[in-house]
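> just coords:
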């Protein structure tokens, strides 16, 4: 699902913080020169982008795992295709 479709579906989201957490957010937002809502939104969007980038990195760097071949002595090698129909 695209981000655009998601934001149209999700009209309003509430996040509840303790008074202490709200005070921390207000302080950080003031330091950043923004409002707390914008600070939280930016942080969440950054987190989602980093997570998507991390998963893309894993997919790009992780080789397609080959299942092991079991050598059973006199019987010979046992391959996945010998057991499961989905490999054929």
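Nice, thanks for sending it over. Keep in mind it's a predicted model, so treat the numbers as computed, not measured.

> helix, strand or coil for the residue nearest the centre of the chain?
Residue closest to the mean C-alpha point of the chain, counted by CA atoms, centre = their mean, is residue 51 at 4.4 Å. When classified by DSSP: H, G, I helix; E, B strand; the rest coil, residue 51 comes out as helix.

> these two touch, right, residue 67 and residue 82?
No. Between residue 67 and residue 82 there is no contact under CB atoms under 8 Å: 11.3 Å. Backbone N, C-alpha and C define where each C-beta goes, glycine included.

> which residue ranges of the chain form strands?
70-71, 77-78 (DSSP state E).

> by mean pLDDT, point me to the weakest helix or strand of this protein.
Within the chain, confidence by mean pLDDT, DSSP states H and E is lowest for helix 3-9 among all helices and strands, at a mean of 51.

> hmm, back to that, lowest-confidence stretch among the strands of the chain?
Note on these: strand 77-78 shows the lowest mean pLDDT, a mean of 67.

> around residue 38, count how many other residues there are.
For residue 38, the neighbour count with other CB atoms under 10 Å is 12.

> just the one 10 residues further on next, same as before
By other CB under 10 Å, the residues close to residue 48 number 11.

> before we move on, what about the one 5 residues further on?
The number of residues packed around residue 53, counting by other CB under 10 Å, is 10.

> okay, it: pLDDT?
At residue 53, pLDDT is 84.

> again, but for the one 5 residues further on
On pLDDT, residue 58 comes in at 73.

> check contacts around it.
With CB atoms under 8 Å, 6 or more residues apart in numbering as the criterion, no residue contacts residue 58.

> how about residue 61?
Contacts of residue 61 by CB under 8 Å, 6+ apart: none found.
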